[in-house]
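Student: Sequence and computational prediction follow.
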Amino acid sequence: MESYSEFGELIADTVWDSDPVNLKESLMGLDQYAFSAPEELTVEQDDDGRMSIKGVHGEEFQWRKHAKLQEFFEHKIMTGELSPLVDDEFNCNPVKLTMPIINELEGLVQSRQLPRSGGGFFYGHQFQDESDDEYLEQDLKFCSWAKQTIEEGDHVYYDCWW
């Protein structure tokens, strides 16, 4: 082994080749969530300087290693169309979704045109087409729910953790 990255690639290839069905669940990786809140979320800092996100919310949707969905939201952050709540870090930092973003997402899901992810070890890019198929119905339900939730005056957030 020449380097740590070669070792990581060897492990990933070995796991992928030996058990592709369970790869998504068996390795650490990207977990994604969507939830609503009646008020906009706020950030509070305690006496030790630690930040915490405050607001009443309940998880409504969850995905596991849906690389194409993550790519869509990361692109929106990179272009400035969405902003993480606390800082520029997207990991464990929700973004508030808007109706135009959800409408765009819904169109891409319906036309099966979610962007491909270059991924990373944690994103599940190795099986992104399979995840896209697996989550098609859920993605459409999410878009419908999110639009209705916003129309009713609540706020919708997307969050991820890798």
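Tutor: Received it, and whenever you're ready, just let me know what you need.

Student: just the helices in the protein please.
Tutor: Taking DSSP state H, the helices of the chain run over residues 4-18, 23-26, 67-78, 99-110, 128-134, 136-151.

Student: Between those, which shows the greatest average number of neighbours?
Tutor: For the helices of the chain, the largest average neighbour count (mean count of other C-beta atoms under 10 Å) is found in helix 67-78, namely a mean of 20. For every residue, glycine as well, the C-beta is placed using N, CA and C.

Student: With just CA atoms, put that one into CSV.
Tutor: What follows is helix 67-78, C-alpha atoms only, in CSV (Å, rounded to 0.1, in the frame of the first residue of the first chain):
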residue,chain,number,x,y,z
ALA,A,67,-26.1,11.5,-3.7
LYS,A,68,-28.0,13.2,-6.4
LEU,A,69,-30.4,15.0,-4.0
GLN,A,70,-27.3,16.1,-2.0
GLU,A,71,-25.6,17.3,-5.2
PHE,A,72,-28.7,19.4,-6.1
PHE,A,73,-28.7,21.2,-2.7
GLU,A,74,-24.9,21.6,-2.6
HIS,A,75,-25.1,23.3,-6.0
LYS,A,76,-27.7,25.7,-4.7
ILE,A,77,-25.5,26.6,-1.8
MET,A,78,-22.4,27.0,-4.0
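
Student: who does it touch, helix- and strand-wise?
Tutor: Where contact means 3 or more C-beta pairs under 8 Å, 6 or more residues apart in numbering; DSSP states H and E, helix 67-78 is packed against strand 95-96, helix 99-110, helix 128-134, strand 155-161.
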